[in-house]
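**Q** no letters, just coordinates:
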C-alpha cells in the first residue's frame with residue numbers, strides 16, 4: 001500500500017475526529033468567555049434541579065438530587081425532617097407542593113418533575129416518608145424521575161446542538177465507511193468485508209436501541225434490553241474486528257483500528273459532550289457560575305454579614321452547594337460562623353446532612 005494512501009486515510013480519520021472535537025471546544029470557549037456577574041444567591045425561583053440541569057447540561061447526573069431537593073423543600077416549608085435511628089430520615093408533609101413566587105429562574109418542566117417526585121413521597125393522604133424504609137416501588141418511581149431529569153438536561157444543549165450532534169454521528173460513520181472502502185480498494189483484500197460486522201455493531205446500539213428508549217436519553221441503564229443487547233453487539237463487533245486485524249497487513253490493521261477508535265470515541269463519548277448554548281442559556285449559566293465563584297472566593301466576614309442580614313441565608317444556599325459540589329470547600333468557612341439550627345430539622349443537621 002502506497003504512502004499516499006496511508007497519509008490520505010490518516011487525514012480522513014483526523015478530519016472525522018476534528019468534526020466532533022471542534023464544536024466541543026467552541027462550546028467550552030463560549031461558556032468560559034461569558035461574563036459571570038457576582039451573585040449572592042442562585043437565580044430566584046430556581047430549584048436545585050434547575051441549577052443542576054442548567055449548570056451541567058447534558059452531563060448532569062440527577063441520581064443524587066434527592067438530598068438537595070429534600071433540603072430545598074424543607075426550607076420552603078413543605079416538609080420537616082427528623083432523624084429516626086431505624087428508618088433513616090423522617091420526612092413529614094406540612095403543606096401541598098406549590099410553585100415559587102419568583103419566576104426568574106423558574107422552569108415549568110422541571111417544576112412538574114419536582115411535583116411528581118413530591119407526589120410519590122406523599123401519595124394520597126400519606127403525610128410521612130422514611131428514607132430507609134421506602135418500598136421498592138419508590139425506587140422505580142425515583143428512577144423514572146431521574147430519567148426525566150436527564151432528558152430535560154439534554155434538552156438544554158439540544159436546542160442549538162441537536163443538528164451538530166446528528167451531523168457528528170453521520171460524519172463519524174461516513175468517515176469509517178470511507179476508510180474501509182479506500183483500504184479495501186487499495187489492497188484488494190476480500191477479507192475487508194468482515195469490517196461490516198463491527199460497523200453494524202456500533203451503529204445498531206446508537207441507532208435502533210436508542211430509538212427504543214424515550215427519544216432523548218435512550219435505554220435506561222439496568223434495563224433488560226440494554227443488559228442483553230449491548231454486550232451481544234459488543235462481541236458481535238469485537239470478534240470480527242480482531243479476526244480482520246490479525247490477517248491484514250500491519251499498516252492496514254493500524255489504520256482500521258484507528259478508524260474504529262475514532263468512530264467509537266465520537267459516537268459514545270464526545271457526541272454527548274457537544275454543548276453549544278443559546279445566549280439566554282449562557283446568561284443563566286453565567287449567573288450560576290457567578291454564585292458559585294462568590295461562595296468559593298468570599299471571605300468569612302462577607303458570608304457572616306449575609307448571615308446577619310438573613311439568618312436563613314446558609315440554609316437557603318445549602319441545597320445548591322450540594323448540586324455544585326462545593327460543600328467540602330465551604331465547610332471551613334461556615335464552621336467559623338455561629339448558626340442556629342433551622343426550625344424544620346430535628347437532630348444534628350451539621351453532622352448528618354451537610355458535610
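**A** In hand now; what should we look at? Fair warning: this is a prediction, and the values are worked out from it, not measured in the lab.

**Q** all contacts plus neighbour counts: C-alpha atoms, from now on.
**A** Fine.

**Q** pull the number of nearby residues for residue 156.
**A** 21 (other Cα atoms under 10 Å).

**Q** would you say it is within a helix?
**A** Yes: with the criterion set as DSSP: H, G, I helix; E, B strand; the rest coil, the secondary structure at residue 156 is a helix.

**Q** test for you: state the pLDDT assigned to the residue nearest to it when sequence neighbours are not counted.
**A** Across the structure, with Cα to Cα, 6 or more residues apart in numbering as the measure, the residue nearest residue 156 apart from its sequence neighbours is residue 57 (5.8 Å). In the predicted model, residue 57 carries a pLDDT score of 89.

**Q** and if you look at residue 312?
**A** 88.

**Q** can you give me the helices for this protein?
**A** With helices called from DSSP state H, the chain shows them at 3-33, 48-56, 66-75, 108-121, 136-187, 196-204, 210-211, 224-247, 250-265, 279-297, 300-309, 313-324, 327-335, 349.

**Q** for residue 130, find the nearest of the ones you listed.
**A** Nearest of these to residue 130, taken as Cα to Cα: helix 108-121 at 9.1 Å.

**Q** buried deepest among the helices of the chain, which one?
**A** Highest mean neighbour count of the helices of the chain: helix 48-56, a mean of 23 (counted as mean count of other Cα atoms under 10 Å).

**Q** report the angle between that one and helix 66-75.
**A** Angle of helix 48-56 versus helix 66-75, following axes from the mean of the first three to the mean of the last three Cα atoms, to 10 degrees, is 130 degrees.

**Q** touching, the residue nearest to residue 156 and residue 158? I think so.
**A** No: checked against Cα atoms under 8 Å, the pair residue 57 and residue 158 is beyond contact range at 9.3 Å.

**Q** now for the two: what residues contact both?
**A** Here residue 57 and residue 158 have residue 275 as joint contacts, going by Cα atoms under 8 Å, 6 or more residues apart in numbering.

**Q** quick one: low-confidence ranges for the stretch 101-250 of the chain?
**A** In the predicted model of the stretch 101-250 of the chain, residues 135-136, 205, 207-233 satisfy pLDDT under 70.

**Q** share the number of residues neighbouring residue 123, please.
**A** Burial of residue 123 is recorded as 13 neighbouring residues (other Cα under 10 Å).

**Q** distance of the residue nearest to residue 156 from residue 173?
**A** Relative to residue 173, residue 57 is positioned 25 Å away (Cα to Cα, to the nearest Å).

**Q** residue 337 now?
**A** To residue 173, residue 337 is 57 Å away according to Cα to Cα.

**Q** rewinding a little: any chance of the helices of the chain in a markdown table, plus distance to residue 82?
**A** Putting the helices of the chain into a markdown table (distance: least, Cα to Cα, whole Å) gives the following:
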| stretch | distance to residue 82 |
| --- | --- |
| helix 3-33 | 40 |
| helix 48-56 | 21 |
| helix 66-75 | 11 |
| helix 108-121 | 15 |
| helix 136-187 | 20 |
| helix 196-204 | 49 |
| helix 210-211 | 42 |
| helix 224-247 | 37 |
| helix 250-265 | 47 |
| helix 279-297 | 28 |
| helix 300-309 | 24 |
| helix 313-324 | 16 |
| helix 327-335 | 21 |
| helix 349 | 9 |
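
**Q** quick check: which of these is nearest to residue 42?
**A** Shortest separation from residue 42 across the helices of the chain is recorded for helix 279-297, at 5.9 Å, computed as Cα to Cα.

**Q** what's the closest one in contact with?
**A** Contacts to helix 279-297, defined as Cα under 8 Å, 6+ apart, come from residues 31, 34-43, 51, 54-55, 156, 303, 321, 324, 326, 329-330.

**Q** let's see 6 Å
**A** Among residues not part of helix 279-297, those counted as contacts by Cα atoms under 6 Å, 6 or more residues apart in numbering are 36, 37, 38, 39, 40, 41, 42, 55.

**Q** again with stretch 333-346
**A** By Cα under 6 Å, 6+ apart, the residues outside stretch 333-346 that reach it are 80, 81, 82, 300.

**Q** 7 Å - rerun?
**A** Contacts of stretch 333-346 from elsewhere in the structure, counted by Cα atoms under 7 Å, 6 or more residues apart in numbering, are 74, 80, 81, 82, 83, 300, 304.

**Q** pipe those residues into a markdown table and attach distance to residue 285 and pLDDT per row.
**A** Shown next, in a markdown table, are the contacts of stretch 333-346 (distance: Cα to Cα, whole Å; pLDDT from 0 to 100):
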| residue | distance to residue 285 | pLDDT |
| --- | --- | --- |
| 74 | 25 | 94 |
| 80 | 31 | 93 |
| 81 | 31 | 91 |
| 82 | 34 | 88 |
| 83 | 35 | 82 |
| 300 | 25 | 90 |
| 304 | 26 | 90 |
